[in-house]
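# pasting the sequence and the predicted model now:
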Amino acid sequence: MTDAAVIELRGFAISRNDTLLLEPTDMVIATGERLLITGPSGCGKSTFLKRLCALEPGNEEQVWLRGEQAARWEMPKLRKTMAYLPQTPVMLEGSVRDNLCLGLSLRVYKGMQFSDDRLRDALASVNLDIDLESNATRLSPGQKARVALLQRLMLTPDVLLCDEPIASLDQENAQLVVRVLAEAGAAGMTQIIVSHQGLPDLYGRQYRLNQARLELVE
Ligand SMILES: Nc1ncnc2c1ncn2[C@@H]1O[C@H](COP(=O)(O)OP(=O)(O)OP(=O)(O)O)[C@@H](O)[C@H]1O
């Protein structure tokens, strides 16, 4: 494993109900790299992300994070290092502010705070003209997707796993999301992005998950 590698997969394989979703796979992902994974519906893209960050158990012994087996990482540290944005994010009861600041109650973020100005700037960066006091559970799916993305980005994880970040957005808002992801990438955040429709302007490696193989798209 090189110094710059943040994630290494060694024999990472996924089976479910006797179906092989991913054959044993080796991969090294460097700090700041951005990977895109596409593939047909149901091929296992979301499962790949969830197994990678141990949200679904079973692969902890096949993932190395900064040179240490993920199975040896304590869960709070793992969650801080590697954040996961689900395909359909759920807002918790409470305001947009509460949801944006959700992670801050965890011990690993002790001392971290976001001012309202900072939160408003973040909302504006993805064209969200909503009040911090508004009820987050009443937002539209596209608004929820952007609030959930901002919530993860502001905690600046080393690695962000993003499941279909633009699927619920119109073209204009999708471009804004692509831009904030690119800015976070330029600042050194490693990203693995699943998007069935591809992602405009994504530099970096692109894979297609097909018939249980991650094929590099040249
Ligand atoms: N919790 C679960 N329990 C059992 N089977 C599941 C579960 N989650 C997903 N599956 C199955 O695993 C397979 C892969 O699902 P997954 O959601 O990873 O696919 P995907 O490539 O992300 O699909 P899409 O592009 O439609 O989101 C599918 O056959 C799905 O039905």
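Thanks, I have the structure now. A quick note: this is a predicted structure, and the numbers were derived from the prediction, not measured. Residues are numbered from 1 along each chain as shown.

# phi and psi next, for the spatially most central residue of the chain.
In the chain, the C-alpha nearest the mean C-alpha coordinate belongs to Leu161, at 2.2 Å (CA atoms, centre = their mean). Main-chain dihedrals, Leu161, degrees, to the nearest 10: phi -100, psi 120.

# specify the beta-bridge partners of it.
Counting by DSSP bridges, Leu161 is bridged to Tyr84, Ile192.

# how close does it get to the ligand?
Here Leu161 is placed at a distance of 12 Å from the ligand (CB to the nearest ligand atom, to the nearest Å). C-beta: built from backbone N, CA, C; applies to glycine.

# that residue: what's it in contact with?
Shown in contact with Leu161 (CB atoms under 8 Å, 6 or more residues apart in numbering): 49, 52-53, 82-85, 191-192.

# check which helix or strand covers Lys80.
Using DSSP states H and E, Lys80 sits in helix 75-81.

# buried stuff in that helix?
78-81 (16 or more other CB atoms under 10 Å).

# contacts only, for the closest residue to Thr81 other than its chain neighbours.
Closest residue to Thr81 apart from its sequence neighbours, by CB to CB, 6 or more residues apart in numbering: Asp158 at 4.9 Å. Asp158 makes contact with 6, 31, 81-82, 189-190, according to CB under 8 Å, 6+ apart.
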